[in-house]
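Trainee: Turn this into a model:
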Amino acid sequence: MATTSALESQEPELSPTASKEASRMRIFSFSFYTTSAVVISYFPLYFHDRGYSEQQIGILYSIGPALAIFANLLAGMASDRFRTIRKIMMILLAGQLGMLSFLLTSADFIAVCFIMAGFYFFQTPLNPLNDSLILLSVKHTGRKYPSIRIFGSIGFAVAALGIGQFLKSSGSGTTMIVCMITIIISLGLSFTLKDYQQTSAPKVQYSGFLRLVSKPDVLVFFLLILLLSISHRMNDGFLAVAMRQMGADESMVGIAWMVSAVSEIPVLFLLGKYGHKFKDLPLLAFAGLAYALRFWLLSRIDAPDWAILIQALHSISFGVFFSTALRYMTHLIPDEFRASGQALFAVIWTGVAGLISGMLGGYVLENFGRSIFFQAAAWLALLGAAGFLVKHMRSK
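Mentor: A predicted model of the protein is given here:
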């Protein structure tokens with residue numbers, strides 16, 4: 001695991017071997033996030049064009065995260081116990097391919113629900129495992145987390161725009177084929193990665209981890225993370241549908257997601273260079289305020305062009321939030337529980353937040369409209385910002 005000092009230190013000059021390892025991590029992150037671009041940006045349109053209602057899409061986006069709660073914990077615990085991240089990631093990528101192959105031939109909504117649950121079971125643990133591998137690589141490659149994670153943002157941006165242009169001409173029916181191709185590429189690249197887990201390390205004692213996460217300070221942190229995560233996931237799951245309601249096509253949706261991904265690149269770079277000069281909790285409060293502003297603006301518009309511009313606020317909302325939250329976790333979670341800690345973060349970030357935002361978000365969007373939907377997201381973000389600010393003042 002990367003310690004806080006390692007994350008904040010200046011990047012040393014790399015040896016040829018370390019430079020190659022860093023390059024492989026960057027290429028894999030680029031490829032891995034192209035799949036995320038397809039899932040987040042175009043899966044909702046794929047199901048919308050197949051005739052599913054907003055509430056049905058919400059159900060699809062809540063069943064998977066519900067099961068992903070167990071998937072993230074299982075993957076994190078397996079990684080810590082067997083001292084491997086790379087092999088777990090390879091199994092998960094292969095599982096995704098299997099699920100999407102079933103989805104190609106299924107039309108019944110109930111069957112699709114089960115298939116998507118399986119897909120998310122294999123898909124959601126990859127994010128925290130990839131983050132863990134990057135953080136563990138810091139002391140070996142000499143590169144800090146943002147300098148590698150930034151290539152994931154570039155991959156997301158390139159895929160969101162390029163695949164959007166392709167789907168505009170080919171139709172949303174080819175979405176699953178495109179997604180399978182990106183997964184196959186990532187699976188091939190995973191063979192080039194180095195496993196930074198220490199195989200000689202002692203077995204993890206999970207009773208210590210349970211005592212750690214039951215501390216009030218840790219519980220409050222994850223509760224506030226949940227509030228911001230729900231608002232973020234509401235936007236992730238339904239922005240494409242909301243833009244389609246405003247008259248946007250796949251290309252415009254792709255541009256919106258490209259803008260959001262590109263906007264976070266300079267923020268990640270600046271946080272990697274200067275972020276250690278700022279305290280974590282005020283930064284998290286600032287990110288919550290940025291989320292609230294972003295979603296309030298989305299509640300006020302009726303043209304998809306404005307949604308594209310507003311997505312630029314992704315930079316100071318998600319960009320600040322995610323990087324700072326991971327850095328703050330280095331104070332909360334010891335080295336031996338890194339993968340399990342990342343898994344717990346993912347349970348909140350993806351699983352619990354995805355379940356709540358999918359079920360309630362789909363209901364609110366279908367029954368109360370876009371404006372109320374985004375206003376609800378804004379209020380949740382505002383509550384999270386206030387909570388981080390109070391936590392900071394109490395800690396002083």
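
Trainee: make it CA atoms for all contacts and neighbour counts henceforth
Mentor: Noted.

Trainee: neighbours of Ala107, just the number please.
Mentor: Neighbours of Ala107 under the rule other Cα atoms under 10 Å: 10.

Trainee: Kindly provide the distance from it to Phe47.
Mentor: 10 Å (Cα to Cα, to the nearest Å).

Trainee: Between these two, which contacts overlap?
Mentor: Counting by Cα atoms under 8 Å, 6 or more residues apart in numbering, Ala107 and Phe47 have no shared contacts at all.

Trainee: residue ranges of the helices in the stretch 201-350 of the chain, please?
Mentor: Counting by DSSP state H, counting those that start in this stretch, the stretch 201-350 of the chain has helices at residues 206-213, 216-245, 250-274, 280-298, 304-310, 314, 320-332, 338-346.

Trainee: dump the residue contacts of Leu93.
Mentor: Listed by Cα under 8 Å, 6+ apart, the contact set of Leu93 reads 122-123, 183-184, 186-187.

Trainee: Repeat that for Ala68.
Mentor: 120-122, 124-125, 347, 350-351.

Trainee: same question, Val39
Mentor: Residues near Val39 by Cα under 8 Å, 6+ apart: Cys179.

Trainee: and Gly152, what element?
Mentor: Gly152 belongs to helix 145-170 when elements are defined using DSSP states H and E.

Trainee: helices or strands next to the helix or strand that that helix is followed by in the packing?
Mentor: As assigned by DSSP H and E, the chain's next helix or strand after helix 145-170 is helix 175-190. If contacts are counted by 3 or more Cα pairs under 8 Å, 6 or more residues apart in numbering; DSSP states H and E, helix 175-190 sits against helix 16-49, helix 86-103.

Trainee: got the buried residues for the last one?
Mentor: So that's helix 86-103. By neighbour count on 16 or more other Cα atoms under 10 Å, the buried set for helix 86-103 is 86-90, 92-100, 103.

Trainee: likewise the longest one?
Mentor: Going by neighbour count (16+ other Cα under 10 Å), the buried part of helix 16-49 is 18-19, 21-48.

Trainee: again, but for stretch 383-391
Mentor: If you call a residue buried by 16+ other Cα under 10 Å, then stretch 383-391 has these buried ones: 383-389, 391.

Trainee: who touches it?
Mentor: By Cα under 8 Å, 6+ apart, the list of residues contacting stretch 383-391 reads 224-225, 227-228, 281-282, 284-289.

Trainee: Now the phi/psi pair for Asp302, please.
Mentor: Main-chain torsions, Asp302, degrees, to the nearest 10: phi -130, psi 0.

Trainee: quick one: contacts for it?
Mentor: Met246.

Trainee: do you know how far it is from Ala242?
Mentor: 10 Å.

Trainee: Count the residues that sit near the residue nearest to Val253 when sequence neighbours are not counted.
Mentor: Leaving aside its sequence neighbours, Val253 sits nearest to Ala240 (Cα to Cα, 6 or more residues apart in numbering; 6.0 Å). Close neighbours of Ala240, defined as other Cα under 10 Å, add up to 27.

Trainee: quick one: the residue nearest in space to the middle of the chain from Glu264, how far?
Mentor: Residue closest to the average C-alpha location in the chain (Cα atoms, centre = their mean): Asn127, at 6.2 Å. For Asn127, the distance to Glu264 (Cα to Cα) stands at 17 Å.

Trainee: can I get the buried residues of stretch 383-391 in a markdown table with secondary structure, distance to Leu74 and pLDDT?
Mentor: Formatted as a markdown table, the buried residues of stretch 383-391 follow (DSSP: H, G, I helix; E, B strand; the rest coil; distance: Cα to Cα, whole Å; pLDDT from 0 to 100):
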| residue | secondary structure | distance to Leu74 | pLDDT |
| --- | --- | --- | --- |
| Leu383 | helix | 31 | 97 |
| Gly384 | helix | 28 | 96 |
| Ala385 | helix | 31 | 96 |
| Ala386 | helix | 33 | 96 |
| Gly387 | helix | 30 | 96 |
| Phe388 | helix | 29 | 95 |
| Leu389 | helix | 33 | 95 |
| Lys391 | helix | 30 | 90 |
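
Trainee: just those residues now: which is nearest Ile177?
Mentor: Taking Cα to Cα as the measure, Ile177 lies nearest Gly384 of those, at 38.3 Å.

Trainee: how close does that closest one sit to Phe221?
Mentor: Gly384 sits 10 Å away from Phe221, going by Cα to Cα.

Trainee: Over to Tyr120?
Mentor: According to Cα to Cα, Tyr120 and Phe221 sit 25 Å apart.

Trainee: Next: Phe43.
Mentor: Taken as Cα to Cα, the span from Phe43 to Phe221 is 31 Å.

Trainee: one step back: can you turn the buried part of the contacts of Ala68 into a ChimeraX selection?
Mentor: The following ChimeraX line selects those of the contacts of Ala68 that are buried, judged by 16+ other Cα under 10 Å:
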select :120,121,122,124,125,347,350,351
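
Trainee: Closest to Leu73 out of the contacts of Ala68?
Mentor: Checking the contacts of Ala68 against Leu73 by Cα to Cα gives Val347 as the nearest, at 7.2 Å.

Trainee: which residues touch the closest residue to the closest one other than its chain neighbours?
Mentor: Setting aside the residues directly before and after it, Val347 is nearest to Ile69 in space (Cα to Cα, 6+ apart), at 4.9 Å. Taking Cα under 8 Å, 6+ apart as the criterion, Ile69 is in contact with 346-348, 350-352.

Trainee: any idea how far Pro125 is from Ile69?
Mentor: With the distance defined as Cα to Cα, Ile69 ends up 9 Å from Pro125.

Trainee: hey, what's in contact with both of those two?
Mentor: Ala346.

Trainee: Could you pull out the buried residues of the helix holding Gly152?
Mentor: In helix 145-170, counting by 16+ other Cα under 10 Å, buried: 145-161, 163-167.

Trainee: what does stretch 55-70 give?
Mentor: Across stretch 55-70, burial judged by 16+ other Cα under 10 Å covers 55-70.
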